[in-house]
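Chemist: Here is a sequence together with a model predicted from it:
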Amino acid sequence: MAGKVAARRAALRDNLIDIAERTIAGDGLAALRARDLAAEAGCAVGAIYNVFGDLTDLVLSVNARTFQRLGADVAEALADAPQDPVEQLVIMAQAYHRFAAQNHNSWRALFEVERAPGEDAPDWYLHEMGQLFAYISDPLAVIFPSRSPEDLALLTRALFSSVHGIVLLGLDQASSGVPTSDIDRMIGLVLRQLTASSEKIEHCSTFYLPETAKHPYL
């Protein structure tokens, strides 16, 4: 009996994630509402909260899938990349731009998820994020072999924030004034310049980054 209850609970969980994923992809995070979820899933509203603590937990589960899809796209782009670590950074950043453009609502949900002040993300969610950051930190470790792990972690986040800011503003042409077709070129110019020498990369942490370039759990 307990096994059947657990199976039904798991099936409802997966169904709710599927529905939420479609809703966010089609209409954005703001369109996600408990009553609509329950109606489409064929369950009571209270059943949602028997599976997830709140809608934020549900969104985190959707975002975990988005991280996995983004990671798969980056890995595919790197499959034919040259051995040069700088060019690997450029290729993965351009793959990030393509993913954001093609999955705009899902991508934005990664950064729009609400959280209580001081609340930490679940360990499994941080693990998904860490796998993505590893794509950046690995070539950075080759470019700057003398850097400490702590410095490399900061450089990884600084580089991600720089690329994210370019993509975020680039997809909103009214704010950036840069055509989308030029975003990949801009990314390449910035990354090659920032990684041109250890002296230059040391200054990247002083760049101004807009608040919207920050992930809520970074």
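Modeler: That came through fine.
Chemist: Report pLDDT for residue 128.
Modeler: The pLDDT attached to residue 128 in the predicted structure is 84.
Chemist: Quick one: residues contacting it.
Modeler: For residue 128, the contact set (CB atoms under 8 Å, 6 or more residues apart in numbering) comprises 63, 64, 67, 68. (Each C-beta comes from the backbone N, C-alpha and C, glycine too.)
Chemist: host element of the second one?
Modeler: Taking DSSP states H and E as the criterion, residue 64 maps to helix 55-78.
Chemist: how close does the closest residue in space to residue 47 that isn't next to it in sequence sit to residue 68?
Modeler: Nearest non-adjacent residue to residue 47, counting by CB to CB, 6 or more residues apart in numbering: residue 12, 6.6 Å away. Spatial separation of residue 12 from residue 68 under the definition CB to CB, to the nearest Å is 21 Å.
Chemist: Give me the more crowded residue out of these two.
Modeler: Set side by side, residue 12 and residue 68 show unequal neighbour counts under other CB atoms under 10 Å, the larger going to residue 12 at 18 against 13.
Chemist: Check which helices and strands the one helix or strand residue 154 maps to is in contact with.
Modeler: Of the helices and strands defined by DSSP H and E, residue 154 is found in helix 149-170. In terms of contacts (3 or more CB pairs under 8 Å, 6 or more residues apart in numbering; DSSP states H and E), helix 149-170 is packed against helix 85-102, helix 123-143, helix 173-176, helix 183-194.
Chemist: Could you chop this structure up by domain?
Modeler: Here the domain assignment for the chain is 1-53, 54-213, based on automatic domain parsing.
Chemist: Pick the most buried one from the ones you listed.
Modeler: domain 54-213 (a mean of 16; mean count of other CB atoms under 10 Å).
Chemist: one step back: any idea which of the domains of the chain has the lowest pLDDT on average?
Modeler: Between the domains of the chain, the model is least confident about domain 54-213 (mean pLDDT), which shows a mean of 85.
Chemist: the inter-axis angle of the helix holding residue 154 versus helix 123-143?
Modeler: In this structure, helix 149-170 runs at an angle of 100 degrees to helix 123-143, with axes from the mean of the first three to the mean of the last three CA atoms, to 10 degrees as the basis.
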